[in-house]
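In: predicted model and sequence follow; I will ask about them next.
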Amino acid sequence: MTFGVIVFPGSNRDHDAAYAVANVLGQKAEFIWHDSTSLGAVDAVILPGGFSYGDYLRCGAIAKFSPVMTAVKKFAGDGGLVLGICNGFQILVEAGLLPGALIRNRGLQFICREVQLRPGTTDSPFTCLARKDRTYRVPIAHGEGCYFADERTLDELEAEDRIAFRYVGNPNGSVRDIAGVLNRERNVMGLMPHPEDATEPLMGSCDGLVVFQSMLSVAVRA
Amino acid sequence: MSAAAIPPDLIAQHQITPGEYDKIVSILGREPSYTELGIFSVMWSEHCSYKSSRLHLKKLPTRGKLVVQGPGENAGIIDIGGGYVIAFKIESHNHPSFIEPFQGAATGVGGILRDIFTMGARPIAVLDSLRFGRMDDPASGKRNRRILGGVVSGIAHYGNCFGVPTVGGECIFESCYDGNPLVNVFALGVCKKEDVFYAKASGVGNPVIYVGARTGRDGIHGASMASAEFTEESKQKRPNVQVGDPFLEKLLLEACIEAMHTGAIVGIQDMGAAGLTCSTCEMGSRGEVGVEIELDRVPQRETGMTPYEIMLSESQERMLLVADKGREEEVFRVFRKWGLEAVEIGVVTGDGKLRVKQRGNIVAEIPNRELADEAPLYDRPHTQPMRRVPLQAPPLPAPNVEQALLDLVASADLCSKRWIWEQYDYLVRSSTVAGPGAEAAIIRIKETGTSIAMSLDGNGRYCYLSPREGAMLAVAESCRNLSTVGALPVAATNCLNFGNPERPEIMAQLVEAIEGMSEACRFFDTPITGGNVSLYNETLGEGIYPTPVLGIVGLMKTAAPAGIAFRNPGRAVMLLGGIGAADDTRLGGTQYAKVIVKQLWGLPPALDLDLEKRVQDAIRDIVNQDLAESAHDLSDGGLAVTLAECAFGPAGIGARLDLDSDLRPDLLLFHEGPSRVLLSTAQPERVAALAERHGVAATVVGVTIEREIEIRQRGNRLGRWDIAQLQAAFDRALETHVR
């Protein structure tokens, strides 16, 4: 399986994502430069963590205008798997591929720590191998990771079973403890925590692997 | 070029002494222009020229079999095997961080990161050593808390965005840092051995290229500000502090590394302190060539800048490079890709001079070597190190060890620094094997399958009591931290934070500290490959404690570290190196003296280098043979605090100790004698046998138990603590102090 990893000039977890899928999972990772208008032959796309274009404005507010995002939107529209992690989640929200917004953490500080996640649904290509009866240890590292949406959107997300992960012990004030959400078609997921940084024992946890393995299992079946 | 004589008060304002001025005139063979005076003043400032310390820095060991590059470049370089090298250095940004904490600290991180990637190495770790005034001081506490908050968020802002993990460091609070915080930032990068670049211009006719941010009026005279004491007027120096843009620095990193790989770059140096001046004349001097630049071509973000301002600006995120003539376009193409400005501003010449032109007219013409490397050298008088505390211990209170340990773990120096380090991204690059809060930071190098351990250490109280012994203790502790995680210490970088060297009793502190450091670094075979000297750390005539900070790096196999925390109940707890000797005099520099007795006296703990080395060799072997479930060296707070820290792991495991010693309980539990490690093991006999082979005592002093800590002395209970209660005090203290 080939994962395309989008590289904005300020991406800084692009190599983490590529390492997880290539070195740990044994799949292929291709870097895709932000001004590309095509994604090439990839089976899934990862928008990695970082600071896309510096993000001195609202995170992702400029990235949504980048040439590669037009290609990502088309890819998603055609049913391709798109995973946005941290800054990638922020960009997907800004680009309108996912509902809601990510605002400053409730404590107004950047937080880097391991958190516990519980899958909200296993009915998605990103969580199909996860188990709802256990929690997953995965780190967060963000200053603007507080998920926010209006009540109607939140009710809709819940009614449509689109909450991918919830925090156990909410670190940043996200409404309804939301750590990750899916689009209506379930082929796009945004996730604030970093599963790519929890893929080997030396990283302190392998629990993040479930996301990539789920994606792989779906691709193999398809 | 002719210039009118410069009035003496203008010369004095540039902190150029009459003797130095005479030397400038003799170098030039004429009076300098105003621009030239400015150029000399920054290059000959203490910060850039090390004129007070150079004579003594020569005493430091700088060579070793792994040293690829010692002092004199932007960073030191060590061979780590497998075809890879690491580049690392520590830098201070003390003065700017007092004037504007957020930007001062942020640009401190930016500066040291550029020092690393200008060598061709990608930064993979940052550590920071911070010192502030007391947070609970009735008069200055509020300001000190504001400085702490600003510095921490400045470091976070820069490092997090740039994408380098901030993996460790230290943070200490003392009144002497009230008007003069210390912000020392260490950075380390990695690259292939053949990819190392040097800051050397060569090839007459080669183009000199400017890349990165445009030049503005910010930071003019930063280097000379960093070389003066603070006075009431210092607040007016705020425009001297630069503003950092970590995103631009990230672009610069990626573009520089990519451009280096084209093979079209000959030499490269960042524009840090003294900006364009320093980068041009140093690159010229190292390459024994001249550099000619035309200021009209320098990208500027403000209009009407004078040559003086352009040459002295310390605008951030700029680099200067020399490319192969004819291959400029390859370089420009890379910088265009990253959206950066790259402009040819000059040429390498054969006459050894820095020639600066504006609109075709020469505005400065100075020989590079004299400017960059022949600054005045001062053998400043030094007497006895300044010391205003008694040798004799004051009457000590009757020890209440139970309360003392609670107070110590909640004290500003010893409490958990989680509030600080959670603001740093310590995981980016997914190579952090041990991050903040660990014995030593460990970063694995994915390319070689090995890991690098790093530790920053310094102790101003010890050094105030004895600069020589204090510096040696800092080297010993830093090495001990590395050995305790199984690494072999191989090289060091130092940041020497001292007061005004023109005062003989302060100069004496500097000289003795350097000599002590030199002896210890020789002994542990950890040559100093570079570093930084920060003098004039005084405010209104009050100096800081002499505070040399050591950053030592060690090499190790890649493996999950034992960790400091006890993991299972029923394990033997062993004290490697023994209980150690202690007396009231040697208690005077400890945290017990600071927090409980609230005084400073006497001498630092006694260090026996031979024993220290044996203990380190022993623990390294024990850890590498997987015999220890946990290992933690004894340092600040002594045995009791170390034991408490071992109990603060996720498992909630403590220990019951029974100590066979005659020492008074306060000495026994809180003395800070070095050369000791506390470990837990399921195989005490094998540990003891291995220790014995190194000639080190390894005594079983107790057993791990659940939920509590208990310490006995020959059967008599000295104290018992509930771990949850101790840990709550430890965890919450800093946040309580900060608010």
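Out: Here it is on my side, so go on. Residues are numbered from 1 along each chain as shown, chains lettered A, B, ... in the order given.

In: give me the mean pLDDT for whichever helix or strand residue A:213 is part of.
Out: If you go by DSSP states H and E, residue A:213 is part of helix A:209-221. Averaging pLDDT along helix A:209-221 gives 92.

In: and that helix, how far out from the chain middle?
Out: 14 Å (Cα atoms, centre = their mean, to the nearest Å).

In: same question, stretch B:579-598
Out: 26 Å.

In: could you tell me the end-to-end distance of it?
Out: The first and final residues of stretch B:579-598 sit 24 Å from each other (Cα to Cα, to the nearest Å).

In: buried stuff in that stretch?
Out: B:579-580, B:582, B:584-597 (16 or more other Cβ atoms under 10 Å in any protein chain shown). For glycine as for every other residue, the C-beta is placed from the backbone atoms N, C-alpha and C.

In: picking that back up, please save the CA atoms from the helix holding residue A:213 in CSV.
Out: Provided in CSV are the C-alpha atoms of helix A:209-221 (Å, rounded to 0.1, in the frame of the first residue of the first chain):
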residue,chain,number,x,y,z
LEU,A,209,-0.5,1.3,15.1
VAL,A,210,-4.2,0.4,15.1
VAL,A,211,-5.0,3.4,12.9
PHE,A,212,-2.5,2.5,10.2
GLN,A,213,-3.3,-1.2,10.4
SER,A,214,-7.0,-0.5,10.0
MET,A,215,-6.3,1.5,6.9
LEU,A,216,-4.1,-1.2,5.6
SER,A,217,-6.7,-3.9,6.2
VAL,A,218,-9.3,-2.0,4.3
ALA,A,219,-7.0,-1.4,1.4
VAL,A,220,-6.0,-5.1,1.2
ARG,A,221,-9.7,-6.1,1.2
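
In: pull out the buried positions in it.
Out: Applying 16+ other Cβ under 10 Å to helix A:209-221 flags A:209, A:210, A:211, A:212, A:213, A:214, A:215, A:216, A:218, A:219 as buried.

In: can you pull the contacts of the residue of chain A found nearest chain B?
Out: Proximity of chain A to chain B (Cβ to the nearest Cβ) peaks at residue A:12, 2.7 Å away. Contact analysis of residue A:12 by Cβ atoms under 8 Å, 6 or more residues apart in numbering or on different chains lists A:48, A:49, A:50, A:51, B:161, B:162, B:163, B:250, B:428, B:429.

In: next one: residue B:14 from chain A, what distance?
Out: As judged by Cβ to the nearest Cβ, to the nearest Å, residue B:14 and chain A stand 36 Å apart.

In: before we move on, what about residue B:91?
Out: 22 Å.

In: now swap in residue B:577 and tell me
Out: Using Cβ to the nearest Cβ, we find residue B:577 at a distance of 29 Å from chain A.

In: neighbours around residue 130, how many?
Out: Went with chain A since none was named. 22 (other Cβ atoms under 10 Å in any protein chain shown).

In: chain B is the one I meant
Out: The burial count for residue B:130: 25, using other Cβ under 10 Å.

In: is stretch A:156-170 in proximity to chain B?
Out: No. Stretch A:156-170 lies apart from chain B when judged by Cβ under 8 Å from any Cβ of the partner chain; the minimum separation is 14.0 Å.

In: buried residues in that stretch?
Out: A:157, A:162, A:163, A:164, A:165, A:166, A:167, A:170.

In: quick one: mean pLDDT for that stretch?
Out: 98.

In: start and end of it, how far apart?
Out: End-to-end distance of stretch A:156-170 (Cα to Cα): 21 Å.

In: nearest to residue B:440 among the buried residues of helix A:209-221?
Out: The shortest approach to residue B:440 among the buried residues of helix A:209-221 belongs to residue A:209, at 28.0 Å (Cβ to Cβ).

In: which residue packs closest to the residue of chain A closest to chain B, ignoring adjacent ones?
Out: Leaving aside its sequence neighbours, residue A:12 sits nearest to residue B:163 (Cβ to Cβ, 6 or more residues apart in numbering or on different chains; 2.7 Å).

In: could you do residue B:252 as well?
Out: Nearest non-adjacent residue to residue B:252 (Cβ to Cβ, 6+ apart): residue B:212, at 5.2 Å.

In: now do the contacts for the one you found.
Out: The neighbourhood of residue B:212, defined by Cβ under 8 Å, 6+ apart, consists of B:248, B:252, B:271, B:317, B:318, B:319, B:340, B:341.

In: which helix or strand lies directly C-terminal to the host helix or strand of residue B:631?
Out: Assigned by DSSP H and E, residue B:631 belongs to strand B:630-633. Downstream of strand B:630-633, the next assigned helix or strand under DSSP H and E is helix B:638-647.

In: tally up the residues packed near residue A:132, please.
Out: A count of nearby residues for residue A:132, using other Cβ under 10 Å, gives 11.

In: partner residues bridging the nearest residue to it once chain neighbours are set aside?
Out: Closest residue to residue A:132 apart from its sequence neighbours, by Cβ to Cβ, 6+ apart: residue A:119 at 5.4 Å. Assessed by DSSP bridges, residue A:119 has beta-bridge partners residue A:165.

In: show residues contacting the lowest-mean-pLDDT helix or strand in chain A.
Out: Least confident helix or strand of chain A, by mean pLDDT, DSSP states H and E, is helix A:209-221 with a mean of 92. With contact meaning Cβ under 8 Å, 6+ apart, helix A:209-221 is reached by A:1, A:20-21, A:24-25, A:27, A:43-44, A:81, A:83, A:124-130, A:136, A:191, A:195-196, A:198-199.
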